[in-house]
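*Asks:* Sequence plus predicted model, see below.
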Amino acid sequence: RIYKVEIYSVQAGQRGSKPDVSASLERSDGRWMFINFCYPDGGDLVSILKAPKLPCSSPRPVHK
């Protein structure tokens, strides 16, 4: 069973009005494991990490 937990920022002791991210957790062998992190815009961390890497748009500097 997977649980979702909303995570809010706190600034000057005040909780944000909307969650900044939600974490998906699952209990396995007596421990809680993070499964994924979902962002308000609909993206998620696992998808970002699995996406193909884009090539750098600027060349790397050559050190001599």
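*Replies:* Ah, there it is. Residues are numbered from 1 along each chain as shown.
*Asks:* all contacts plus neighbour counts: C-alpha atoms, from now on.
*Replies:* Fine.
*Asks:* And the pLDDT at residue 59?
*Replies:* For residue 59, the pLDDT comes out at 65.
*Asks:* what's the answer for residue 53, then?
*Replies:* As predicted, residue 53 sits at a pLDDT of 78.
*Asks:* what about it, how many neighbours?
*Replies:* 8 (other CA atoms under 10 Å).
*Asks:* Tell me the spacing between it and residue 36.
*Replies:* Here residue 53 is placed at a distance of 20 Å from residue 36 (CA to CA, to the nearest Å).
*Asks:* again, but for residue 55
*Replies:* To residue 36, residue 55 is 26 Å away according to CA to CA.
*Asks:* Counting neighbours around each, name which of the two comes out higher.
*Replies:* Legend: neighbour count by other CA under 10 Å for residue 55 and residue 36, higher for residue 36 (15 against 7).
*Asks:* Is that one in contact with residue 25, as I believe?
*Replies:* Yes. Contact criterion CA atoms under 8 Å: residue 36 and residue 25 qualify, at 7.4 Å.
*Asks:* so where is this structure shaky, pLDDT-wise?
*Replies:* 56-64 (pLDDT under 70).
*Asks:* all strands for it, in order.
*Replies:* Secondary structure of the chain (DSSP state E): strands at 2-7, 10-11, 14-15, 21-28, 31-38.
*Asks:* In terms of secondary structure, what does the third one contact?
*Replies:* Looking back up the chat, that one is strand 14-15. Where contact means 3 or more CA pairs under 8 Å, 6 or more residues apart in numbering; DSSP states H and E, strand 14-15 is not packed against any helix or strand.
*Asks:* same deal with the first one?
*Replies:* Secondary structure elements in contact with strand 2-7, counted by 3+ CA pairs under 8 Å, 6+ apart, are strand 21-28.
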